[in-house]
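**Student:** predicted model follows, preceded by the sequence.
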Amino acid sequence: MVVGSTGGGVFSHVARHKFVRDQILEVVADRDCGLLSKACGLGLPQCKLSASDGQEFSENLLKRYGGDETVIILSFYTKLFSEFLVNALGGRIFNCHPSLLPSFKGLNAFDDTMASSALFMGCTIHQVDAFLDSGPSLIQAAYPIDRRLSLAANRHKVFLMQYYTTLQFFKWLSEGRLVFDDYGVAKIKSACFKPSVFSPNLDEDLFVSASIHNELEC
């Protein structure tokens, strides 16, 4: 399941792939937003659970999905979930964040990265806890910042990293490779760790199986 409150840019790219759409039970938001519009355009089930804040939205999500222990949530939501929801879903909520956590938490992560003296930018898919962008990381991507390029050009590279890591996340899900240890921390079976933009590495066949080109190698 995908939840969010954003424009849905990354989502619209990953959801072009049938193996991703096949795993999406529903696309849920707390308001009218690009995410729901793009889900509608792709013919995916969508649901608006109107809420004034993260606490109310968390309560609505818990009522709708709390009893289903198979639900995995990928979040593009911009407010904090309640600790009760996070605990009830047992580490099964993941967030796609446009920085190398734990650096540059919050809504302005990319801008904060570029305003700093950091030499790398990137993204992180991490487990969600009750605090701001502080849960365990599942996969990260790090890419050198080229300050000769425009902000838009660098942001596009982060977008591509978010796209590829999210696509990989869904591929791991489809193959049953996302598992949880005794402490509820998510792990990937048969993950590889070699020098790469991505850690753990993307599967060697990701781009072939998805029929896309790795634009970061251009």
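**Tutor:** Sure, I can see it.
**Student:** report the separation between the residue lying farthest from the centre of the chain and E215.
**Tutor:** Within the chain, the residue lying farthest from the chain centre (CA atoms, centre = their mean) is R148, at 28.2 Å. Look at R148 and E215: by CB to CB, to the nearest Å, they are 18 Å apart. C-betas here are computed from N, CA, C, even on glycine.
**Student:** and what of G54?
**Tutor:** 34 Å.
**Student:** which of these two has more residues huddled nearby?
**Tutor:** Neighbours were counted for G54 and for E215 using other CB atoms under 10 Å; G54 has more, 17 against 13.
**Student:** spatially nearest residue to that one, not counting backbone neighbours?
**Tutor:** Closest residue to G54 apart from its sequence neighbours, by CB to CB, 6 or more residues apart in numbering: K79 at 3.6 Å.
**Student:** in this protein, which helix is the longest?
**Tutor:** In the chain, taking DSSP state H as the definition, the longest helix is helix 151-174.
**Student:** and that helix, what does it pack against?
**Tutor:** Counting contacts by 3 or more CB pairs under 8 Å, 6 or more residues apart in numbering; DSSP states H and E, helix 151-174 is packed against helix 9-14, helix 18-21, strand 93-97, helix 109-115, strand 120-127, strand 137-144, strand 198-199, helix 206-210.
**Student:** mind listing what's buried along the last one?
**Tutor:** With burial defined by 16 or more other CB atoms under 10 Å, the residues of helix 206-210 counted as buried are 206-207, 210.
**Student:** helix or strand: which one has S103?
**Tutor:** S103 is part of no helix or strand, with elements assigned from DSSP states H and E.
**Student:** show me the contacts for it.
**Tutor:** Counting by CB atoms under 8 Å, 6 or more residues apart in numbering, S103 touches 113, 118.
**Student:** now the residue sitting nearest the centre point of the chain: how far from R148?
**Tutor:** For the chain, the residue nearest the mean C-alpha position is C96 (2.6 Å; CA atoms, centre = their mean). As judged by CB to CB, C96 and R148 stand 27 Å apart.
**Student:** A142 now?
**Tutor:** 19 Å.
**Student:** pLDDT on the longest helix of the chain, on average?
**Tutor:** Averaged over helix 151-174, pLDDT sits at 98.
**Student:** and the helix or strand just after it, what's buried?
**Tutor:** Later in the chain than helix 151-174, the nearest helix or strand by DSSP H and E is strand 178-180. By 16+ other CB under 10 Å, the buried positions in strand 178-180 come out as L178.
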